[in-house]
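Q: what follows is a predicted structure for the sequence shown.
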Amino acid sequence: MSVQFFGWEVTYDDDSPRVELGASQEPTDRGIYTMYHGTSVANARLIIANGFQQSSGGMLGKGVYVSRDRKKAERYPLNNNPSDRVALELRVCVGRVKRIDKDNHPMQYTWSTQGYDTAWVPPNCGMKAVPSGLEEDCVYDPKRVKVVGIAKAPDNILSELQQLVANSLRNPAGINWSTASQGSATVDVCSLCKRKTLQGSLHVKQSCWGCGQNICTLMTKHVCPVSI
């Protein structure tokens, strides 16, 4: 038995596709936050010199893992001696943010393919992967993350790292921060669903079987004028 399909309307039981940062978390500088990243001394040198690299995976999938909670960053890497821990101060253009606030969230690993730039785990949300209860963020595009200072480092290496940061800021590269808050440097907007699309990750588009109208699979509603 074949079924003809002419339209749809989506109802989300948790309103998840529309959840953005709440009013109390809104950035004051058009989507640019001060955040922190904890790493080893050796990796700190590499990150300052060459920028961040996208991780191959993690609790939120691929991206750069950062936090607005400095205390959290200062704990990393967890298994390293305190003499081999550096907390980098960052400027992060979060772009469009998806709230992930429970284990097995339907978009926990797929947010970056659905027009979001950053996944945000709020503090004390109860996720097992964050036993500390401290805020976690994952930024998909490393170009949205820029090292601007050293929040904490061993005394014997602090001056060296600060000089490396100063040198890197004199020779900026990557995202155009004057337009970063609109995401124009890394994303486009789908003409059909009006959601942002990452470069190299276009939305699936096809013609409606009834009226022939072009549709995007991420549209929340399509009303076909053809009668069945």
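A: Structure received. Residues are numbered from 1 along each chain as shown.

Q: going by C-alpha atoms from here, please, whenever you check contacts or count neighbours.
A: Noted.

Q: name all residues that make contact with the residue nearest the centre of the chain.
A: Nearest to the mean C-alpha position of the chain, by C-alpha atoms, centre = their mean, lies residue 118 at 1.8 Å. Under the criterion of C-alpha atoms under 8 Å, 6 or more residues apart in numbering, the neighbours of residue 118 are 94-98, 111-112, 137-140.

Q: can you list the weak-confidence ranges in the chain?
A: For the chain, the stretches with pLDDT under 70 are 1-30, 172-189, 194-202, 227-228.

Q: if we can go back for a sec, could you give the bridge partners of the residue nearest to the centre of the chain?
A: Here residue 118 sits in beta bridges with residue 97, residue 139, going by DSSP bridges.

Q: what distance do you get for it to residue 215?
A: Distance, residue 118 to residue 215, using C-alpha to C-alpha, to the nearest Å: 26 Å.

Q: show me where this structure has its strands.
A: 8-9, 32-39, 64-66, 86-93, 97-99, 118-121, 136-139, 145-152, 187-189, 196-198, 205-207, 214-216, 221-222 (DSSP state E).

Q: neighbours of residue 129, how many?
A: Neighbourhood size, residue 129 [other C-alpha atoms under 10 Å]: 12.

Q: phi and psi next, for it.
A: Residue 129 adopts backbone torsions of phi -70, psi -10, taken as degrees, to the nearest 10.

Q: may I have the phi/psi pair for the closest residue to residue 142 other than its chain neighbours?
A: Leaving aside its chain neighbours, residue 142 sits nearest to residue 52 (5.5 Å; criterion: C-alpha to C-alpha, 6 or more residues apart in numbering). In terms of degrees, to the nearest 10, the main-chain angles of residue 52 are phi -80, psi 150.

Q: show me the contacts for residue 52.
A: Residue 52 is in contact with 64, 142-143, 145, counting by C-alpha under 8 Å, 6+ apart.

Q: these: which two are farthest apart?
A: Greatest spatial distance among these (C-alpha to C-alpha): 64 and 143, at 9.8 Å.

Q: quick one: buried residues of the lengthiest helix in the chain?
A: The longest helix of the chain (DSSP state H) is helix 155-170. With burial defined by 16 or more other C-alpha atoms under 10 Å, the residues of helix 155-170 counted as buried are 161-162, 165, 168.

Q: pipe the residues you listed into a markdown table and attach distance to residue 153 per row.
A: A markdown table is the format used below for those (distance: C-alpha to C-alpha, whole Å):
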| residue | distance to residue 153 |
| --- | --- |
| 161 | 8 |
| 162 | 10 |
| 165 | 13 |
| 168 | 18 |
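
Q: circling back: as JSON lines, the strands of the chain with distance to residue 80 would be great.
A: As requested, the strands of the chain are arranged in JSON lines below (distance: least, C-alpha to C-alpha, whole Å):
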{"stretch": "strand 8-9", "distance to residue 80": "51"}
{"stretch": "strand 32-39", "distance to residue 80": "9"}
{"stretch": "strand 64-66", "distance to residue 80": "18"}
{"stretch": "strand 86-93", "distance to residue 80": "10"}
{"stretch": "strand 97-99", "distance to residue 80": "30"}
{"stretch": "strand 118-121", "distance to residue 80": "24"}
{"stretch": "strand 136-139", "distance to residue 80": "20"}
{"stretch": "strand 145-152", "distance to residue 80": "15"}
{"stretch": "strand 187-189", "distance to residue 80": "37"}
{"stretch": "strand 196-198", "distance to residue 80": "35"}
{"stretch": "strand 205-207", "distance to residue 80": "48"}
{"stretch": "strand 214-216", "distance to residue 80": "47"}
{"stretch": "strand 221-222", "distance to residue 80": "50"}
